[in-house]
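J.: what would the 3D arrangement of this be:
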Amino acid sequence: MPSVTILAGRYHRRALSFVQERSLRPTSHFVRAAAFNILLHRFFPHRIGSPSEACFQGCEVLDLFAGLGSYGFEALSRGAEQVTFVESSYARVQTLKQVAQRWGCASQVQAFCQNLPELTLGSGLFHVIFMDPPYDTEEKTLELLFMTLLEVLHPQGLMVLEYPRPLALPKRFSNVFQKPIKKTLLTFFTHTYRENES
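T.: This next block holds a predicted model:
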């Protein structure tokens, strides 16, 4: 059975196995490694040199279009306080909960079955939001989602988007950094006022 593995931290080398489906496109190890390296070196430089399991200590993380949950579990492995998964497949949501139970981190994980761009979450704010939508997702759907995410992104938070092309962001977001990787593009962005303050 194919799988992806956690790259660093307390769950290093643990596998997330999956059955191949047309609707499932797991993030490659190379892209995930790039995303976390950029997060650490560009946005959390004060954590460089910390043990890998403490690099994102205290962070509340949201993993949208979660699929296998590789972004969220990677963040948890590297010290995230809490991870919330949102996935449209009920079966995958149950699998995410089972993995969390098996790995002993169920108290740090929430998983919701929701069809984006509609999003219903609690009142908390997230320090890091990962979005890895299907590459054929309409840009209008993502633009609607961005407007919702403005309300749940921490004032000092960051969003990470894996998508094959650049998107027009709402004015209240700023494009902080982009990294093309083969057929995809990692885009890191934040509240506009945060960039203006830096």
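J.: what's the first helix or strand after the longest helix anywhere in the chain?
T.: In the chain, assigned by DSSP state H, the helix with the most residues is helix 90-102. Next helix or strand after helix 90-102 toward the C-terminus (DSSP states H and E): strand 109-113.
J.: and the gap between Val139 and Arg165?
T.: Val isn't right for residue 139; it's Glu. Computed with CB to CB, to the nearest Å, the distance linking Glu139 and Arg165 is 9 Å. Just so you know, the C-beta spots here come from the backbone N, C-alpha and C atoms, and that holds for glycine as well.
J.: which helix or which strand is home to Met147?
T.: Using DSSP H and E, the element containing Met147 is helix 139-149.
J.: host element of Gln178?
T.: strand 173-181.
J.: please apply the same query to Ala75.
T.: Ala75 belongs to helix 70-77, assigned by DSSP H and E.
J.: helices and strands around that helix, which ones?
T.: Under the contact criterion of 3 or more CB pairs under 8 Å, 6 or more residues apart in numbering; DSSP states H and E, helix 70-77 touches helix 29-38, strand 60-64, strand 82-87, strand 126-131.
J.: dump the ones you listed to CSV, plus mean pLDDT, distance to Glu21 and mean neighbour count.
T.: Listed next are those as CSV, based on pLDDT from 0 to 100; distance: least, CB to CB, whole Å; neighbours: other CB atoms under 10 Å:
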stretch, mean pLDDT, distance to Glu21, mean neighbour count
helix 29-38, 94, 19, 18
strand 60-64, 96, 18, 26
strand 82-87, 96, 13, 24
strand 126-131, 96, 20, 24
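J.: the ones you listed: which one's closest to Ser52?
T.: Counting by CB to CB, Ser52 lies closest to helix 29-38 out of the helices and strands packed on helix 70-77; the figure is 9.5 Å.
J.: contacting residues around that closest one?
T.: With contacts defined as CB atoms under 8 Å, 6 or more residues apart in numbering, helix 29-38 is touched by 4-5, 7-8, 70-71, 74, 78, 130, 160, 162, 177, 179, 181-182, 184, 186, 188.
J.: could you redo the last one with a cut-off of 6 Å?
T.: The contact list for helix 29-38, computed with CB atoms under 6 Å, 6 or more residues apart in numbering, reads Leu7, Ser70, Val160, Ile181, Leu186.
J.: name the nearest of those relative to Cys105.
T.: Ser70 (14.5 Å).
J.: who are the contact partners of the closest one?
T.: Per CB under 6 Å, 6+ apart, neighbours of Ser70: Val4, Leu16, Thr27, Arg32.
J.: closest one of those residues to Asn115?
T.: Thr27 (20.6 Å).
J.: partner residues bridging Glu162?
T.: For Glu162, the beta-bridge partners are Leu186 (DSSP bridges).
J.: could you measure from it over to Leu142?
T.: From Glu162 to Leu142 the distance is 12 Å (CB to CB).
J.: more neighbours: which of these two?
T.: Applying other CB atoms under 10 Å to Glu162 and Leu142 shows that Glu162 carries more neighbours, namely 23 against 19.
J.: the more buried one contacts Asp132, doesn't it?
T.: Yes: using CB atoms under 6 Å, Glu162 is in contact with Asp132, at 4.4 Å.
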